[in-house]
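>>> Quick one, what's the 3D model for this:
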Amino acid sequence: MSTEDPRPADSPEDSPAGGRVEHPRAIRSFVLRAGRMGTGQQRALADLGPKFVLPYAAELLDFAAVFGREAPVVLEIGFGMGDATATIAQTLPGTDFLGVEVHTPGVGALLKHIGERGLTNIRIVQHDAVEVLEHMVPPASLAGVHVFFPDPWHKKKHHKRRLIQPAFVARLAAHLRPGGYLHCATDWQPYAEQMLEVLSAEPALENTAEGYAPKPDYRPLTKFENRGLKLGHGVWDLVFSKR
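All right, here's what the predicted structure looks like:
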């Protein structure tokens with residue numbers, strides 16, 4: 001794993017960056033790690049950032065104004081280097097995607113994909129996803145939420161830092177419109193088991209499968225995932241819908 005882990009993580013009050021939210025133990029959607037910027041990423045940030053990166057502000061977004069059309073909106077938390085996000089957006093041109101990521105190299109990488117593929121249905125907020133959800137995303141407005149390969153925080157003493165916890169899942173559910181979906185994926189079985197338990201306990205959600213779901217066609221295999229599969233590692237998808 002590189003020094004910059006592209007997968008989102010959550011961190012409590014000792015997080016080195018980001019503001020606070022009103023919560024008994026403030027959760028974070030990330031841990032800030034160092035990472036280098038390539039020239040292509042730097043150029044994409046300078047050229048495309050003003051158009052596709054939305055400044056964080058504690059006010060609700062008007063999605064129709066942001067994307068220039070009326071369309072379903074999917075929130076992706078922690079898109080890493082953006083490969084999967086760009087592929088999904090290209091596969092589903094009728095859906096708009098709001099990607100949230102704190103790592104600047106990842107933002108630059110996704111902007112590079114946007115430019116190379118001519119994508120128009122992605123916008124980015126470079127900020128803590130917990131605060132973006134709380135202050136920028138209107139209630140009951142999302143068609144879907146993607147949380148792919150969040151940091152599993154392997155050690156038991158760090159499990160409380162995992163993003164998929166009851167309080168955060170309840171927040172996500174409140175921002176889904178009826179019939180909207182929450183799609184999580186992980187390559188760490190103990191975290192998959194916790195996710196299944198937490199999501200199943202949320203009364204606003206119901207499982208679309210008996211346990212874990214087959215990988216939906218729209219989610220591409222990442223390089224990280226392909227490497228793991230070749231080593232015999234499992235991957236677990238969970239897809240729940242808003243009642």
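>>> List the buried residues in the worst-scoring helix or strand of the chain on mean pLDDT.
When the helices and strands of the chain are scored by mean pLDDT, DSSP states H and E, helix 223-230 comes last with a mean of 81. By neighbour count on 16 or more other C-beta atoms under 10 Å, the buried set for helix 223-230 is F224, E225, G228. In short, each C-beta sits where N, CA and C put it, glycine included.
>>> With distance to F79 added, can I get those in TSV?
Formatted as TSV, these follow (distance: C-beta to C-beta, whole Å):
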residue	distance to F79
F224	13
E225	14
G228	19
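>>> In the protein, mark out all the strands, start to finish.
73-77, 96-100, 122-125, 142-148, 176-186, 205-207, 236-242 (DSSP state E).
>>> quick one, what contacts Y218?
Going by C-beta atoms under 8 Å, 6 or more residues apart in numbering, Y218 touches I88, T91, L92.
>>> so where's the protein uncertain?
1-35 (pLDDT under 70).
>>> about what we covered before: identify the residues contacting the least confident helix or strand of the chain?
P6, D83, F149, D187, L221, V235.
>>> Just the buried ones out of those, please.
Taking 16+ other C-beta under 10 Å as the criterion, what is buried in the contacts of helix 223-230 is P6, D83, F149, D187, V235.
>>> Need phi/psi at the fourth one.
Right, D187. With angles defined as degrees, to the nearest 10, D187 sits at phi -110, psi 10.
>>> ok, now how distant is it from P152?
8 Å (C-beta to C-beta, to the nearest Å).
>>> Spatially nearest residue to the most centrally placed residue in the chain (excluding sequence neighbours)?
Nearest to the mean C-alpha position of the chain, by C-alpha atoms, centre = their mean, lies I77 at 1.6 Å. Of all residues not flanking I77 in the chain, A129 sits nearest, at 4.4 Å (C-beta to C-beta, 6 or more residues apart in numbering).
>>> what's the distance between the one you found and G78?
For A129, the distance to G78 - C-beta to C-beta - is 7 Å.
>>> Which one of those two is surrounded by more residues?
Shown here are A129 and G78; by other C-beta atoms under 10 Å, A129 has more neighbours (30 against 26).
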